[in-house]
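Participant: Sequence unavailable; structure follows:
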């Protein structure tokens, strides 16, 4: 059984900071890449940031210079540090993980989503 769980969402004033966490748990797996997405009411889900297994990162233009994605491989955890937040950052934030499972007879990958965590930025 595998699980991906986000935490850290909440209400924050504009200009403030918030840190989201995403923990992957299960057996016989490794995380190839962690990604953070967000979905605001009435809008499509959009990619916020990605970190691969080499630590290389990619950011949406809208968050560059304000958000930082990081990972702790020993804890199978990803973080999204959100600084200088704006009201337009208000959304449900989802963690996505590209998981590699290593069994005795096979190796395969599968994509997982967390349940989402609400971030609300007040003006």
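Facilitator: Cool, got the structure. Bear in mind the structure is a predicted one, so any value in this text is a computation, not a measurement.
Participant: can we go C-alpha only for contacts and neighbour counts from here?
Facilitator: Noted.
Participant: Okay, residue 90 and residue 83: tell me how far apart.
Facilitator: 13 Å (C-alpha to C-alpha, to the nearest Å).
Participant: Can you report how many residues neighbour residue 54?
Facilitator: Residue 54 has 8 neighbours, counted by other C-alpha atoms under 10 Å.
Participant: mind checking how far it is from residue 48?
Facilitator: Distance of residue 54 to residue 48, computed by C-alpha to C-alpha: 18 Å.
Participant: likewise residue 116?
Facilitator: With the distance defined as C-alpha to C-alpha, residue 116 ends up 14 Å from residue 48.
Participant: And the helix or strand bottoming out on mean pLDDT in the chain, what's buried?
Facilitator: When each helix and strand of the chain is scored by mean pLDDT, DSSP states H and E, strand 107-113 comes last, with a mean of 92. Buried residues in strand 107-113, counted by 16 or more other C-alpha atoms under 10 Å: 112-113.
Participant: Give the pairing partners of whichever helix or strand comes after it; include direction for each.
Facilitator: For strand 107-113, the following helix or strand on the C-terminal side (DSSP states H and E) is strand 117-122. Strand 117-122 sits in its sheet next to strand 10-13 (parallel), strand 91-102 (antiparallel), going by DSSP bridges.
Participant: list the buried ones in the first one?
Facilitator: Right, the one you point to is strand 10-13. Neighbour-count burial for strand 10-13 flags residue 12 (criterion: 16+ other C-alpha under 10 Å).
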